[in-house]
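Chemist: Could you look at this predicted model? Sequence included:
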Amino acid sequence: MEVMECVNSISVFPEIGVLFEGIAYHGNEVRMFNIRQNAIVYSVDCALITIIVFWDNRQNPACLAKLIENRKL
């Protein structure tokens, strides 16, 4: 239930997440919204919000950047 509440919050307020500096997804900024030790990583393109990955914040952030880069393909 908590994840769906966060997704709903993102849909109403897309800029609620923290900007992931230096990373873009299909030319759009990437944001992170934290849920306890996890995060929803997403991008916003006009009215379209794309969830890129659900991320465990205990992992290496450099791996997250690589993962986002690989998802662009």
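Modeler: In hand now; what should we look at?

Chemist: Phi, psi for the residue nearest to residue 45 when sequence neighbours are not counted please.
Modeler: Excluding the flanking residues, the one nearest residue 45 by C-beta to C-beta, 6 or more residues apart in numbering is residue 28, at 4.8 Å. Where C-beta positions appear, they are placed from N, C-alpha and C, glycine not excepted. Backbone geometry at residue 28, expressed as degrees, to the nearest 10, gives phi -110, psi 150.

Chemist: Hmm, residue 28 is touching residue 43, no?
Modeler: Yes - assessed by C-beta atoms under 8 Å, residue 28 is found in contact with residue 43 at 4.3 Å.

Chemist: Look at these two and report which has more neighbours.
Modeler: Between residue 28 and residue 43, counting by other C-beta atoms under 10 Å, residue 43 is the more crowded of the two (22 against 15).

Chemist: so which strand or helix has that one?
Modeler: strand 38-45 (DSSP states H and E).

Chemist: Give the buried residues for that strand.
Modeler: Across strand 38-45, burial judged by 16 or more other C-beta atoms under 10 Å covers 38-44.

Chemist: Ok, stretch 52-63 next?
Modeler: 52, 55.

Chemist: what comes into contact with it?
Modeler: Stretch 52-63 is contacted from outside by 3, 25, 30, 32, 34, 37-43, 64, 67-68, 71, using C-beta atoms under 8 Å, 6 or more residues apart in numbering.

Chemist: which one of the residues you listed is nearest residue 9?
Modeler: Comparing those against residue 9 with C-beta to C-beta places residue 40 closest, at 9.8 Å.

Chemist: Alright, I will stop here.
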